[in-house]
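Q: 3D, please:
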Amino acid sequence: MEGKIIALEGSEGSGRTIHANALKTFLEEEGYGVVTFGLGLSKLMGEPISKKKRDIVFQRRTLFLSYVTDLADQLENVIKPMVKSGFIALADGYTSTLMAWGLARGLEESWMRDTLNVLPKPYLSLGLVSNSVEIIRRILRKKGNLDPLSSGIDICINEDLFSSYIQYLDTFQENLRRLLQDGILIDTGRTYEVVKDEIAKIVGERIEET
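A: So this is what the prediction gives:
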């Protein structure tokens, strides 16, 4: 499967999902078959992960392994057959997102890399980053609240939810930039159309090279 996955990496609110959907539309209009997957989206692990985030706040290693299982289930049961049929697999959050999440919570990078070796490497990774305050505004506009686990409450940054989330996002994005230093970073603080067109151009040119 290696070489068949295009991963959009970033925190919640970075624009991952909206730009994954836009990229899917672009690729389909170009004549490619596209199948999507992402963090916490498998039928096997989606609900258990959601429950773990509510009930086992401090067992971050367990939650990390749950996300890995979630991705492996999607890849084995949904993505692999589609890729074998010639589809492009588009990930709404993949291994770099998960590692940045774990690094922000003190998990060992070597352990995470060893664990993630069971998953195929992406052909192309795009890191979506933006100003942390703008990311929070997007989340609040969409959901009306902040996810206590994502906000950093589980790592006890401080007692204030907003400032905890700022600190968490800053740390997450610093880790993501380092992890993708050989990849491509996209500033999603610009207008939707500008970012959408840039992603389409990058992906379109890379696919034509193969």
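
Q: C-alpha from now on. contacts and neighbour counts both.
A: OK.

Q: in contact with the spatially most central residue of the chain, which residues?
A: Nearest to the mean C-alpha position of the chain, counting by CA atoms, centre = their mean, stands G93 at 1.9 Å. G93 makes contact with 7-10, 16, 38-39 under the criterion CA atoms under 8 Å, 6 or more residues apart in numbering.

Q: please name the bridge partners of D187.
A: V129 (DSSP bridges).

Q: wait, what's in contact with the closest residue to L176 other than its chain neighbours?
A: Leaving out its chain neighbours, the residue that sits closest to L176 by CA to CA, 6 or more residues apart in numbering is A100, at 5.4 Å. A100 is in contact with 172-173, 175-176, 179, counting by CA under 8 Å, 6+ apart.

Q: of those - the most surrounded one?
A: Using other CA atoms under 10 Å as the neighbour test, the contacts of A100 are led by L176, with 26 neighbours.

Q: doesn't L98 make contact with that one?
A: No - at 9.5 Å, L176 and L98 do not qualify as touching, with contact defined as CA atoms under 8 Å.

Q: rewinding a little: quick check: which element contains the residue nearest to L176?
A: Per DSSP states H and E, A100 falls inside helix 95-103.

Q: same check, this time on G86
A: Assigned by DSSP H and E, G86 belongs to neither a helix nor a strand.

Q: any idea how far it lies from G31?
A: 11 Å (CA to CA, to the nearest Å).

Q: who's more crowded, those two?
A: Using other CA under 10 Å as the criterion, G86 and G31 rank with G86 on top: 13 against 9.

Q: got a pLDDT number for the closest residue to that one other than its chain neighbours?
A: Distances taken as CA to CA, 6+ apart place G33 nearest to G86, at 7.1 Å, with adjacent residues excluded. At G33, the model reports a pLDDT of 95.

Q: and G33, what does it touch?
A: 27, 86-88.

Q: backbone torsions only: list them for it.
A: Dihedral pair for G33: phi -80, psi 140, per degrees, to the nearest 10.

Q: do you know how far it is from T97?
A: 24 Å.

Q: same question for L107.
A: 13 Å.

Q: neighbour count winner among these two?
A: T97 (25 against 16).

Q: next SSE after the lowest-mean-pLDDT helix or strand in the chain?
A: Ranking every helix and strand in the chain by mean pLDDT, DSSP states H and E puts helix 46-55 at the bottom, with a mean of 54. Later in the chain than helix 46-55, the nearest helix or strand by DSSP H and E is helix 60-74.

Q: what separates that next one from the chain centre, distance-wise?
A: The chain centroid and the centroid of helix 60-74 are separated by 13 Å under CA atoms, centre = their mean, to the nearest Å.

Q: can you mark which positions in it are buried?
A: Within helix 60-74, the residues that count as buried by 16 or more other CA atoms under 10 Å are 60, 63-64, 66-74.

Q: avg pLDDT for that helix?
A: 90.

Q: which elements pack onto that helix?
A: Applying 3 or more CA pairs under 8 Å, 6 or more residues apart in numbering; DSSP states H and E, one finds that helix 60-74 makes contact with strand 34-38, helix 46-55, helix 95-103.

Q: wait, T95 touches L116, no?
A: Yes - using CA under 8 Å, T95 makes contact with L116 at a distance of 7.0 Å.

Q: comparing these two, which residue is more hemmed in?
A: Taking other CA under 10 Å, T95 and L116 do not tie; T95 has more neighbours (27 against 20).
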